[in-house]
Structure formats: structure tokens, C-alpha cells
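> Sequence plus predicted model, see below.
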Amino acid sequence: MSWPADYHLHTPLCHHATGQPTEYAARAVALGFTEIGFSDHSPMPTDGFDEWRMEFSRLEDYVAGVQQAQKDHPQLTIKLALEVDFMPGQEPWIRKLATRHPWDYFIGSVHYVGSWDIDNPRKLSEWKKHDPYEVWSMYFDLLTQAAESGLFEIIGHADLPKKFGIYPDRDCTPLFERFLQAAARADVAMELNTAGLRKDCREIYPSRKIVQLARQHGVAITFGSDAHAPGEVGMNFTEALALAREAGYEETCKFASRKREMVRF
Ligand SMILES: [Zn+2]
Ligand SMILES: [Zn+2]
């Protein structure tokens, strides 16, 4: 059996990852992967927006780094992608980014609720000032808009607000359902992201419940380690595959030039 593609890999250009793309690729080859994709944090229209993404002027360096990895590892299929922040009002910028390079896919991720990047450990104290349900509700509202926007092939780490283990005391099922219905209508895939296992929540993003609902709604899936170091490539994919299979999934997506193909895993 070969692994499904690991479609969520970062590079040092986002200032909080280590290892060059070619080192991530070497690790993937060693693990027996046949396909991976780089999806580093995309630039914002203004550099200095925050401290955890590449500057716009580094976009060409990013592409060159991925191309170097492709040259060094011809036996491995390596996709060129971005993890793009969805923020209302940023749609024209995202469309502009899309024209800059022959991307294979865009992962649409929500990190910001208003001006707060809710997964930033330096802003953990913000959680004390908010009702968790309000945050989750706003988060899934943004995720639903991201799915409907037509700007992305994949939605990243769908229940990121659980990162620090802070949960609402109300049932969030209606929020999940609304997002998943939008994803199904728009043919947007949802990723199973194993980075959650390395955080306080100790659980894949998204939860078993959301994966099961996604299956019921006919939402396709991808897999991602969200690796920020070569040693994290493909991490916990055994668990992610088990979760997907348990929910009834037998297929995952591959992307080339932003076109989707379904493949069995
Ligand atoms: Zn992310
Ligand atoms: Zn990421």
C-alpha cells in the first residue's frame, strides 16, 4: 500500500518552519510516499501583517525551492500550492495570487477571527476574554464562506479552535452541518490534518464527528501533516487513514493545475 499524498507542508519562508523543501521531499521518499504538496503560508497584500508567513517578495524563492525539490527527487510527484488565509475582503488579493504561478491547489484556511489569530500561542490569553461558543460560531461561519468562495480546492484544519483544548459548552453540530453542506455544494475537499495530534487537543483536525458528518454529506477529503520540519512529513498518517476508513471513506483527491481527480487509498 502506498500512502495518500501529504498535501500540507511548510517551508522556512514562513519564519516558523525548518528544513528546505528538498529535505521534506527526501523524507517523503524515505517513507515511501509517491506524492506530496507544498502549501506554505501565503503572503498578504502588506508585508508585516503578522510574523508567520512569507513576504510577497519571497514568492519566487518559494516556487524555486519547490522546483529544486522536484529536480532532486524525480521519483516523487511534488505539487506546488499555498495555504491561503481566508478573510472577508481579501478575495481580490487571493485571485491575484492565483494568477502568479501555475498552482496545483489552494488550501483555504481560517486562522483569523476578526484581527485575532486564534491558534497563535502568544495570544492564548485572548481565549479568556471570549465565550468559546462565540469563537467557534464565528470560525465556522468564516469556514462556510471560504467553502462558498470558489477560491480553494481544500479547506484546512476545519476545527482549529480546539487547538488549545478549549471547547464550547453548547452543541456545535449545526455549525458543522452548515459548513459541510457548503463544501459539498461547492465541491471543496476537507483535509484530515494530523498536526492536531501534536497540540493540546491531541486529536486530528477535524474531529471524528465532523469526519463522519462530512462523509454523510459527500464531502471529499485530503490528508496533510502540516509539517513544519522534515521529520513531520507523513506524521500519524496511519491514524488519519484509520479515521477516514472508519467514517466510510475509500477515496481521496489528487490535484493538478487546480483540477481534482479521485483516487482510492
Ligand atoms: Zn494553518
Ligand atoms: Zn499549515
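That came in fine, so what should we check first? Ligands and ions are numbered 1, 2, ... in the order given.
> who touches residue 230 in this structure?
Contact analysis of residue 230 by C-beta atoms under 8 Å, 6 or more residues apart in numbering lists 18, 19, 23, 24, 26, 27. Heads up, the C-betas are built off the backbone N, CA and C, glycines and all.
> how about the residues of this protein near ligand 2?
Contact residues, the chain versus ligand 2 (C-beta under 5 Å from the ion): 83, 226.
> now do 8 Å
Proximity of the chain to ligand 2, by C-beta under 8 Å from the ion, involves residues 8, 10, 39-41, 83, 107, 109, 156-157, 193, 195, 224, 226, 228.
> So which of the residues you listed belong to strands?
Using DSSP state E, the subset of these located in strands is 8, 39, 40, 41, 83, 107, 109, 193, 224.
> Let me have the residues you listed in a markdown table, extended by neighbour count.
Output for these, formatted as a markdown table (neighbours: other C-beta atoms under 10 Å):
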| residue | neighbour count |
| --- | --- |
| 8 | 29 |
| 39 | 29 |
| 40 | 25 |
| 41 | 23 |
| 83 | 27 |
| 107 | 26 |
| 109 | 28 |
| 193 | 27 |
| 224 | 28 |
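> any idea which of these is the one closest to residue 171?
residue 193 (23.0 Å; C-beta to C-beta).
> hang on, that closest one packs against residue 156?
Yes: contact criterion C-beta atoms under 8 Å: residue 193 and residue 156 qualify, at 6.5 Å.
> Need the overlap of contacts for the two.
8, 224.
> For ligand 2, give me its nearest residue in the stretch 151-265 of the chain.
Closest to ligand 2 within the stretch 151-265 of the chain is residue 226: 4.4 Å, counting by C-beta to the ion.
> measure that residue to residue 170 for me?
28 Å (C-beta to C-beta, to the nearest Å).
> quick one: contacts for residue 229?
17, 18, 19.
> give me phi/psi at the nearest residue to the second one once chain neighbours are set aside?
Across the structure, with C-beta to C-beta, 6 or more residues apart in numbering as the measure, the residue nearest residue 18 apart from its sequence neighbours is residue 229 (4.9 Å). Summarising the backbone geometry of residue 229 under the convention degrees, to the nearest 10, its torsions are phi -160, psi 150.
> Spatially central residue in this structure, please.
residue 156 (3.1 Å; C-alpha atoms, centre = their mean).
> Report the buried residues of stretch 247-257.
By neighbour count on 16 or more other C-beta atoms under 10 Å, the buried set for stretch 247-257 is 247, 249, 252, 253, 254, 255.
> Now tabulate those in TSV and tack on pLDDT.
TSV is the format used below for the buried residues of stretch 247-257 (pLDDT from 0 to 100):
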residue	pLDDT
247	98
249	98
252	98
253	97
254	98
255	98
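> Inside strands: which ones of those residues?
252, 253, 254, 255.
> want to try a markdown table for the residues you listed, with distance to residue 236 as columns?
Shown next, in a markdown table, are those (distance: C-beta to C-beta, whole Å):
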| residue | distance to residue 236 |
| --- | --- |
| 252 | 16 |
| 253 | 19 |
| 254 | 21 |
| 255 | 22 |
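> And the furthest pair within these?
Farthest apart among these - using C-beta to C-beta - are 252 and 255, which lie 10.6 Å from each other.
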